[in-house]
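Chemist: Got a predicted structure plus its sequence, pasted below:
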Amino acid sequence: MQAHDGELGAAVARAQHGDEAAFAVAYRFVQPGLLGYLRGLVGDDAEDVAADAWLEIARDLRRFRGDGAGFRGWTATIARHRALDHLRRQKVRPRPTGLEQDVLDLPGPHSTHDQALETLSTRTALNLVAGLPPDQAEAVLLRVVVGLDGPSAARVLGKRPGAVRTATYRGLKRLARQLGADGVTDDGPRTLGEST
Amino acid sequence: MRGAEDGGPAERAGAETDMGARHGEGRGRDAGPRPAPGDAPGTEALLAAALRGEGTDVEGERRAVAAFRAARDAEPGRAARTRRRDDWRPRTGRDPGRSLKTALSVLLASLTLGGVAYAAIGGGGSGDDDGGGPDRTRPPAATDDASARPAATPPAATRVPAAPGHATTPPGGTASPGASAPPGASPPPDRPAAGRDPEAQCRAYARVTGSGKALGATAWQRLVAAAGGADHVEAYCTELLARPTGQGASADTGNGAAGNDAGNGRAGDTGAGIGADGTVGEGGVEVETGGSAAVRVPDQDLP
């Protein structure tokens, strides 16, 4: 997805000059990652929150300065603020909702690496990420799903780049272990069970 | 990642490598979907494939574009102000400027503090001038001529701003009489020599007579007391200054002669003058050695 940052940047620049079609192109580039990130934050309300975010993105587009990668970070920041507003309205913590009770829907202890690769559903992946500590979960989402680099993710989260880098590393390592990708298949569910 | 606007995954990988080299740690390492160290390569791709919503919904896109159109048509000509949170341009260009600004600020602050400190020290030095009188009582306490001269010189140097007249009085001129008057210096080591302090004050007296405050200082009050009243200061000083001058002249001669008779003293003076010249020939050297020999030989002959 980051391979298209050049095209995305050009589309954003055209859209800033009023090109409607270019804005649609930018939407198609950004929306999948944004929606995946929001699913991690607000669960099934992700599409509604994304719609709110896009209203703000469309309204403030001319304020934006930056390239394609910067546009990802900018839109992720807006989406995050909308998600936090949404969660505040729901009076719940900024934690994936409706996911904890689905923790049982995980790759079982017997699933092999290949099985996990082939059968990892969106729900399962969300559950895995939701099992991480919140800072790790969000850092992983911003990197893997939105496609942000370390400094940009840190800016979105309002944290120091070093802290975000560490959180990303630990979260991915843990997820890899749970997916059995490192060959220690049996450790996965047990670790997750401890953490949840 | 930000350097990868040219497209192409291959180009992008190259750009990332460059970026890692340019930005140092962190940036290159976290840029892009490459697996983190210690991670299985498939983890990120697996998660991305599962979590990224594929096939964007047409309805959402339509609404977003409608919002875009509404915003564009509502304020067509207005240039929206870019807030700080809207500026996502790569920061690499701004960081050096910021660090340069920081360095300049630090430099300016250090210069300011240094200037304040310098001014404070300078002010303290000149502030001592008024209270410098008691300091001047210390050097004469020394009984040795060699130690009395260096000790007497610094106070004269710090007194220069307030009493320029002291700059014209050579340290030797003021120190020699005191040092050459052992009765005044050696018997009471903690008391100043009777003649020196008032004499130095007398030299400056004429210059500061008009500037009211200076005469209120302790040193002047002491001078006035020594003279026996403000009206007697001039007469007192005239007498005082006339006396030590003669003493100083005889003291210099005595020093040059190192306690010998007048003939040896003259020889010593000549030798010193030629020696200081530096352009003397053999004769000059002979004169000098002769002079020094004349100083010593009688000592050896006498016993």
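Modeler: Happy to help now that I have it. Treat the numbers as computed from the prediction; the structure is a model and nothing was measured.

Chemist: Stretch A:45-58 near chain B anywhere?
Modeler: Yes. Judged by C-beta under 8 Å from any C-beta of the partner chain, stretch A:45-58 and chain B are in contact via A:E47, A:A50, A:A51, A:W54, A:L55, A:I57, A:A58. For glycine as for every other residue, the C-beta is placed from the backbone atoms N, C-alpha and C.

Chemist: Weed out the non-buried ones from the residues you listed.
Modeler: A:E47, A:A50, A:A51, A:W54, A:L55, A:I57, A:A58 (16 or more other C-beta atoms under 10 Å in any protein chain shown).

Chemist: farthest pair in the residues you listed?
Modeler: Comparing every pair within those by C-beta to C-beta identifies A:E47 and A:A58 as the most remote, at 16.4 Å.

Chemist: picking up where we left off before, may I see the residues of stretch A:45-58 next to chain B arranged in TSV, with pLDDT as well?
Modeler: Putting the residues of stretch A:45-58 next to chain B into TSV (pLDDT from 0 to 100) gives the following:
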residue	pLDDT
A:E47	90
A:A50	94
A:A51	94
A:W54	95
A:L55	94
A:I57	95
A:A58	94
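
Chemist: Kindly indicate which of those residues lies nearest B:A219.
Modeler: Closest to B:A219 out of the residues of stretch A:45-58 next to chain B is A:I57 (81.6 Å), distances taken as C-beta to C-beta.

Chemist: How about A:V140: what's its closest non-neighbour residue?
Modeler: Distances taken as C-beta to C-beta, 6 or more residues apart in numbering or on different chains put A:G171 closest to A:V140, at 4.1 Å, once the chain neighbours are dropped.

Chemist: Distance of A:V12 relative to chain B?
Modeler: Relative to chain B, A:V12 is positioned 10 Å away (C-beta to the nearest C-beta, to the nearest Å).

Chemist: which residues touch that residue?
Modeler: Residues in contact with A:V12 (C-beta atoms under 8 Å, 6 or more residues apart in numbering or on different chains) are A:A22, A:A26, A:L61, A:F64, A:D67, A:G68, A:F71.

Chemist: Where does it sit, in terms of helix or strand?
Modeler: Element membership of A:V12, judged by DSSP states H and E, is helix A:5-16.

Chemist: how about that helix: buried residues?
Modeler: Buried, per 16+ other C-beta under 10 Å, within helix A:5-16: A:D5, A:G6, A:L8, A:G9, A:A10, A:A11, A:V12, A:A13, A:R14, A:A15, A:Q16.

Chemist: Render the CA-only coordinates of that helix in PDB, please.
Modeler: Only the C-alpha atoms of helix A:5-16 are listed here, as PDB (Å, rounded to 0.1, in the frame of the first residue of the first chain):
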ATOM      1  CA  ASP A   5       2.200   6.800  -1.800                       C
ATOM      2  CA  GLY A   6       3.400   8.700  -4.800                       C
ATOM      3  CA  GLU A   7       0.100   8.300  -6.600                       C
ATOM      4  CA  LEU A   8      -1.700   9.100  -3.400                       C
ATOM      5  CA  GLY A   9       0.300  12.300  -2.900                       C
ATOM      6  CA  ALA A  10      -0.500  13.400  -6.500                       C
ATOM      7  CA  ALA A  11      -4.200  12.700  -6.000                       C
ATOM      8  CA  VAL A  12      -4.200  14.600  -2.800                       C
ATOM      9  CA  ALA A  13      -2.500  17.600  -4.400                       C
ATOM     10  CA  ARG A  14      -5.100  17.600  -7.300                       C
ATOM     11  CA  ALA A  15      -7.900  17.200  -4.800                       C
ATOM     12  CA  GLN A  16      -6.600  20.200  -2.900                       C
END
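
Chemist: The next helix or strand after it near chain B at all?
Modeler: Note on helix A:5-16: by DSSP H and E, the next helix or strand toward the C-terminus is helix A:20-42. Yes. Applying C-beta under 8 Å from any C-beta, one finds helix A:20-42 in contact with chain B at A:E20, A:F23, A:A24, A:Y27, A:R28, A:Q31, A:P32, A:G33, A:L35, A:G36, A:R39, A:G40.

Chemist: Name the next helix or strand following helix A:20-42 along the chain.
Modeler: helix A:46-60.

Chemist: relative orientation of that following helix and helix A:5-16 in degrees?
Modeler: When axes from the mean of the first three to the mean of the last three C-alpha atoms, to 10 degrees is applied, the directions of helix A:46-60 and helix A:5-16 differ by 60 degrees.

Chemist: List the buried residues in the helix or strand following helix A:46-60.
Modeler: Per DSSP H and E, helix A:46-60 leads on to helix A:68-89 as the next helix or strand towards the C-terminus. Using 16+ other C-beta under 10 Å as the test for burial, helix A:68-89 gives A:68-83, A:86-87.

Chemist: what's around A:A163, how many residues?
Modeler: 13 (other C-beta atoms under 10 Å in any protein chain shown).
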